[in-house]
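Trainee: Using only what follows, build the 3D model:
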Amino acid sequence: MGCIRLLGGLLLAITATQAEAQDSYPNRPIRLIVGFTAGGPTDTPARLIAEKLRGSLGQSIVVENRPGAGGKIALDYMLSQPRDGYTLSLCTYIDATNTVLLKNPGYTLADLAPISQITKAYYAFAVPTALPVQDLASFAAHAKAKPGALNYGHVGAGSMPELVAKRFEQAAGVKMTGVPYKGTAEASMDLASGRLDFMVAPLIVVQPLLDAGSVKYIGMTSPERLTAFPNVPTAVEQGYRITDNGWLGVCAAAGVPTGIIARLNREVGQAVASPAYRELVEKTGVMPYAGSVDEFRQLVADTETDMRKLARELNLEAK
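Mentor: Sure thing, here's the model as predicted:
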């Protein structure tokens, strides 16, 4: 009986401590870890979300860039920190696909506590303006005339720029060389200079280069033409059944108290609904979106399932 009373007392103490932590949260700065370089399509929304959370939570939200390995360095770091809600991750679909594409990812989806989705994004097929092509068909013909000579940029195995490029290679019957970068900002600059021939590009990154006349779009992965780019035909229109999209969200590590997760979900949702955030992402063809914790958890799980199917279709082996 004494042991039972002792165990019960310990459980009550733990519960009381967790409740106190949730009630006082946050009482110090929060870190938001971003797995890609500053100025990229992950970093920019992260900084605006952080700015909005500063106001609603009453604490500083410090954005830390830890680029490399397709976001895995940042995620590993977040998972290594105390599970108290003070270290969060700007998570991406790559975190879910890495569990399929890496032999030893070092984590499973059960290690994550999804908080809220913040974007859904389609991509442009972009090439340097000087490249003598106008659409996907002419690019495919150009690539076939130079087998293996053309290259494309991506941000790591499992990233949408790599996966969609591989899908296009398969559908068009061409072969290119993939060049990995730590961030899409660096890759897009090489695209603009002509050091890269092709890129499946996040619009938020390459739009300034399009405006400057350095790159051109020859297709979109959206199922219909985007309102922001009505003159750019979709891949489907051009005979390629490619309608891939990626997402961004905010995640914590499993074990963070559910009350903290619920509060962060509400606050992130309000940040995503703000006019400033919506204006930032919508002008680049990205859709702002925030839903429930359960909805986001299901999206993360579905992404992993879809990646297993795509890996079989493309004969991708875990590295």
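
Trainee: Which strand residues bridge the residue most central in space within the chain?
Mentor: In the chain, the centroid-proximal residue (CA atoms, centre = their mean) is T92; its distance is 3.1 Å. Using DSSP bridges, the beta-bridge partners of T92 come out as L248.

Trainee: Run through the stretch 151-300 of the chain and note the low-pLDDT ranges.
Mentor: Within the stretch 151-300 of the chain, not a single segment meets pLDDT under 70.

Trainee: quick one, helices of it?
Mentor: 160-172, 184-193, 203-211, 258-272, 275-282, 293-314 (DSSP state H, counting those that start in this stretch).

Trainee: out of the ones you listed, nearest to I49?
Mentor: helix 258-272 (5.0 Å; CB to CB). In short, each C-beta sits where N, CA and C put it, glycine included.

Trainee: Kindly format the C-alpha coordinates of that closest one as CSV.
Mentor: Presented in CSV, the C-alpha positions along helix 258-272 are these (Å, rounded to 0.1, in the frame of the first residue of the first chain):
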residue,chain,number,x,y,z
THR,A,258,-0.8,18.9,-25.1
GLY,A,259,-1.9,22.2,-23.6
ILE,A,260,1.1,23.9,-25.0
ILE,A,261,0.6,22.3,-28.4
ALA,A,262,-3.1,23.4,-28.4
ARG,A,263,-2.2,27.0,-27.5
LEU,A,264,0.5,27.2,-30.2
ASN,A,265,-2.0,25.8,-32.7
ARG,A,266,-4.4,28.6,-31.9
GLU,A,267,-1.7,31.3,-32.0
VAL,A,268,-0.1,30.0,-35.3
GLY,A,269,-3.6,29.9,-36.8
GLN,A,270,-4.2,33.5,-36.0
ALA,A,271,-0.8,34.5,-37.4
VAL,A,272,-1.6,32.6,-40.7
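
Trainee: May I see the buried residues of it?
Mentor: Residues of helix 258-272 classed as buried by neighbour count (16 or more other CB atoms under 10 Å): I260, I261, R263, L264, N265, E267, V268, G269, A271, V272.

Trainee: Reformat the helices of the stretch 151-300 of the chain as TSV; add distance to D111.
Mentor: Shown next, in TSV, are the helices of the stretch 151-300 of the chain (distance: least, CB to CB, whole Å):
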stretch	distance to D111
helix 160-172	22
helix 184-193	26
helix 203-211	28
helix 258-272	14
helix 275-282	28
helix 293-314	11
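
Trainee: So for T119, which of those sits nearest?
Mentor: T119 sits nearest to helix 275-282 of all the helices of the stretch 151-300 of the chain, at 5.8 Å, using CB to CB.

Trainee: you'd agree the residue nearest to the centre of the chain is up against P41?
Mentor: No - with contact defined as CB atoms under 8 Å, T92 does not reach P41; the gap is 9.3 Å.

Trainee: Report the contact partners of the nearest residue to K175 once chain neighbours are set aside.
Mentor: Nearest residue to K175, sequence neighbours excluded (CB to CB, 6 or more residues apart in numbering): G148, at 5.3 Å. Taking CB atoms under 8 Å, 6 or more residues apart in numbering, we find G148 in contact with K175, M176, T177.

Trainee: Out of the helices of the stretch 151-300 of the chain, which gets nearest to Q117?
Mentor: Closest among these, using CB to CB: helix 293-314, at 4.8 Å.

Trainee: Let me see the domain layout of this structure.
Mentor: Listed by automatic domain parsing, the domain ranges of the chain are 2-121+245-314, 123-220.

Trainee: how far out from the middle of the chain is the first one?
Mentor: Put plainly, it is domain 2-121+245-314. Mean C-alpha position of domain 2-121+245-314 versus that of the full chain (CA atoms, centre = their mean, to the nearest Å) differs by 11 Å.

Trainee: same check, this time on the last one
Mentor: The chain centroid and the centroid of domain 123-220 are separated by 18 Å, computed with CA atoms, centre = their mean.

Trainee: What is the end-to-end distance of that domain?
Mentor: Domain 123-220 stretches 6 Å from its first residue to its last (CA to CA, to the nearest Å).

Trainee: What residues are bridge-paired with P202?
Mentor: Bridge pairing for P202 (DSSP bridges) gives the partners Y123.

Trainee: Would you mind measuring from it to H142?
Mentor: Between P202 and H142 the computed distance is 23 Å (CB to CB, to the nearest Å).

Trainee: more crowded one of the two?
Mentor: Neighbour count, other CB atoms under 10 Å: between P202 and H142, P202 has more, with 29 against 18.

Trainee: any idea how far that one lies from S159?
Mentor: On the measure of CB to CB, P202 and S159 end up 10 Å apart.

Trainee: Any idea how many residues pack against the residue nearest to G269 when sequence neighbours are not counted?
Mentor: Spatial nearest neighbour of G269, chain neighbours left out: A290 (4.1 Å); criterion: CB to CB, 6+ apart. Neighbourhood size, A290 [other CB under 10 Å]: 23.

Trainee: And for V286?
Mentor: Count around V286 with other CB under 10 Å applied: 27.

Trainee: Is it correct that it is in contact with Q207?
Mentor: No - here V286 does not reach Q207: they are 10.2 Å apart, not a contact under CB under 8 Å.
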